[in-house]
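Undergrad: need a 3D model of the sequence below.
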Amino acid sequence: MILKEERFSVITYMHRRSDAANGDVERRMPERGPAMENKDSIVTVFEEWVRDIRSELAIAKGRTDEERQEYNETLNRAILGYEEDRSKLLALIHDIVAKRRLSDLPIGSSYGSLPEAIFAEIIGLNVLELILKNKEGLEEIQVVGRQIFEVRNGTAVPSVHMLPSVRDLERIQQNLVLFNQDTLNPRKKWAEVVLRDGSRVTMTAAGFTSEPTLTIRLYTVKKFELAALAAPGLATMNEAMKGLILCLIRSYFNMVVIGPTNSGKTNFIKAMIAEMEDHERIITIESRFELHLRRDFPQKNIVEYEIDEEDPRHAGMQAFKLALRQSPKRICHAEIRDHDANLYVRACTRGHEGSITSVHVNELEDVPDAITDMCMLDGRGMDPIRLTKRITEYVTQVGFEMAVVKGKRKIVRIGEFSYEKGQVCVNDLAIYDDSTDSWKFPGNCRIAHRKKSTKMTEPGIRC
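TA: Presented below is the predicted three-dimensional model:
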């Protein structure tokens with residue numbers, strides 16, 4: 001019989017079980033005498049169980065190399081949110097708890113059983129698991145220290161849940177990076193993880209930010225097509241807007257999308273790509289796979305690049321060089337940044353019409369100048385005025401501005417760029433009217449663009 005005051009260890013326990021052929025050693029929470037009425041003591045015992053079971057799960061003792069590799073993959077997928085693998089791990093923890101006859105939950109636990117509480121510590125996300133169970137309208141989870149905010153329908157509100165301690169957030173961070181070939185430590189105080197459904201997790205450690213942070217962005221739109229965005233449920237556009245956008249896509253204008261974070265830029269870009277011909281070769285270039293076009297459009301002719309700017313052999317410049325040799329019809333660049341602006345400009349001016357990207361600016365009028373500024377950073381001697389004119393006419397032919405309006409993501413403006421008398425001009429093709437919740441169409445394409453759209457557009461679709 002194990003003495004109450006003896007410190008429990010999985011290794012010691014296994015030895016005792018092995019030595020006692022007929023032994024049925026039980027390991028329960030110590031009886032609640034006066035010493036165990038202390039909440040901290042009970043929590044300490046629970047933490048010991050968590051550490052020991054975590055070690056047993058990680059060791060994968062007695063498995064062949066192939067079985068160990070498969071098991072580690074299960075752990076990895078469980079951390080990343082694959083429901084089938086999470087169920088396997090939870091069942092395994094149930095078995096371990098039953099064999100050891102562990103029973104008591106720590107005081108104040110929000111979980112229905114001890115295996116669920118242990119799972120949340122080892123594989124899960126603590127109280128974030130409770131938030132993720134209610135995904136209706138959930139778009140983002142933001143954690144700062146212990147405090148949690150839930151973003152639903154574009155609005156962040158304080159959650160009814162709060163992490164027990166900052167240490168719990170740090171443990172969640174380490175769980176998320178453990179099987180994803182990333183680190184979060186005093187030398188590297190940030191990390192990013194992409195979950196199974198394309199959701200993105202961004203983390204920072206104390207010292208880089210005043211408190212540890214965790215942001216989980218969930219992609220909630222499952223059907224990527226313009227018709228879905230025009231339906232009353234989403235109302236990102238209406239039928240007239242859908243017709244205009246189809247015209248612009250099929251006319252092979254080079255397009256740019258702007259808007260604040262979480263305004264729906266990625267989903268809109270994917271909806272436009274869904275309308276492109278399946279046989280057209282599309283090449284995407286991203287710092288992290290976010291669009292997941294091959295996953296969502298397996299029938300399309302798509303090549304996806306994931307670049308690493310810290311490795312010159314796999315940086316954006318190398319990706320663009322290879323991409324241009326792979327006969328792309330369109331290039332989809334998730335977001336123009338300083339180091340790759342010149343390459344994208346070069347691609348759009350060398351025959352790859354119909355390409356699309358996004359830029360972080362406040363208004364459409366700012367887009368050409370912002371891209372010009374990024375191009376000038378590489379130190380080459382270029383005439384900024386001539387470069388801005390070139391970008392306006394060939395790279396940013398049509399722009400889309402997105403915003404969150406009354407909890408719904410809207411395309412609030414579509415504009416056609418032109419360069420007139422040394423100035424960037426935007427001719428509004430469509431503008432959202434908040435007072436009537438509808439779109440107005442104040443202008444038409446310029447003559448040159450109208451000829452292009454008339455030539456390229458199918459009958460029945462007009463700009």
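Undergrad: and the helix ranked longest in the chain, how far out from the chain middle?
TA: For the chain, the longest helix by residue count, based on DSSP state H, is helix 39-59. Mean-position distance between helix 39-59 and its chain equals 31 Å (CA atoms, centre = their mean, to the nearest Å).
Undergrad: mind giving me the packing neighbours of it?
TA: Here helix 39-59 touches helix 10-19, helix 83-100, helix 114-122, going by 3 or more CB pairs under 8 Å, 6 or more residues apart in numbering; DSSP states H and E. C-beta here means a position set from N, CA and C on the backbone, and glycine is covered the same way.
Undergrad: who does the residue most central in space within the chain form a beta bridge with?
TA: By CA atoms, centre = their mean, the chain has its centre lying nearest to R200, at 2.4 Å. Under the criterion DSSP bridges, R200 forms beta bridges with V194, R217.
Undergrad: might one say that it is in contact with R288?
TA: Yes: between R200 and R288 there is a contact under CB atoms under 8 Å: 7.4 Å.
Undergrad: so what sits against both of the two?
TA: E192, V194 (CB atoms under 8 Å, 6 or more residues apart in numbering).
Undergrad: could you list the low-pLDDT ranges of the stretch 201-350 of the chain?
TA: Counting by pLDDT under 70, the ranges of the stretch 201-350 of the chain that qualify are 219-223.
Undergrad: now with 50, please.
TA: Counting by pLDDT under 50, the stretch 201-350 of the chain contains no low-confidence segment.
Undergrad: so which elements touch the helix or strand containing I385?
TA: Per DSSP states H and E, I385 falls inside helix 384-390. In terms of contacts (3+ CB pairs under 8 Å, 6+ apart), helix 384-390 is packed against helix 367-376.
Undergrad: re the thing from before, what's the helix holding I385 in contact with?
TA: Helix 384-390 is contacted from outside by V345, T349, P368, D369, T372, C375, M376, Y419, G422, V424, using CB under 8 Å, 6+ apart.
Undergrad: give me the neighbour count for the third one.
TA: Applying other CB atoms under 10 Å, we find 26 other residues in the vicinity of P368.
Undergrad: surely it meets G415?
TA: No: using CB under 8 Å, P368 is not in contact with G415; the gap is 11.6 Å.
Undergrad: show me the domain layout of this structure.
TA: Here the domain parsing of the chain from automatic domain parsing is 1-124, 125-220, 226-456.
Undergrad: ok, back up a step: could the contacts of helix 384-390 go into JSON lines alongside distance to D434?
TA: Listed next are those as JSON lines, based on distance: CB to CB, whole Å:
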{"residue": "V345", "distance to D434": "34"}
{"residue": "T349", "distance to D434": "37"}
{"residue": "P368", "distance to D434": "27"}
{"residue": "D369", "distance to D434": "27"}
{"residue": "T372", "distance to D434": "32"}
{"residue": "C375", "distance to D434": "35"}
{"residue": "M376", "distance to D434": "37"}
{"residue": "Y419", "distance to D434": "30"}
{"residue": "G422", "distance to D434": "33"}
{"residue": "V424", "distance to D434": "26"}
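Undergrad: which among these end up buried?
TA: By neighbour count, with 16 or more other CB atoms under 10 Å, the contacts of helix 384-390 hold V345, P368, D369, T372, C375, M376, Y419, V424 as buried.
Undergrad: out of those, the closest to V398 would be?
TA: Proximity of these to V398 (CB to CB) peaks at P368, which lies at 12.6 Å.
Undergrad: residue boundaries of the strands in the stretch 301-450 of the chain?
TA: 302-306, 330-333, 356-358, 398-405, 408-420, 423-433, 438-440 (DSSP state E, counting those that start in this stretch).
Undergrad: of all those strands, which one is nearest A228?
TA: strand 408-420 (12.2 Å).
Undergrad: mind checking how far the closest one is from the chain centre?
TA: The chain centroid and the centroid of strand 408-420 are separated by 25 Å, computed with CA atoms, centre = their mean.
Undergrad: next: stretch 322-332.
TA: Remark: stretch 322-332 is offset 25 Å from the chain centroid, using CA atoms, centre = their mean.
Undergrad: how about stretch 361-373?
TA: Per CA atoms, centre = their mean, the centroid offset for stretch 361-373 relative to its chain is 25 Å.
Undergrad: swap in stretch 288-304?
TA: The chain centre lies 15 Å from the centre of stretch 288-304; the measure is CA atoms, centre = their mean.
Undergrad: and what of stretch 326-338?
TA: 19 Å.
Undergrad: and the pLDDT for G351?
TA: On the pLDDT scale, G351 is placed at 74.
Undergrad: again, but for R187
TA: For R187, the pLDDT comes out at 91.
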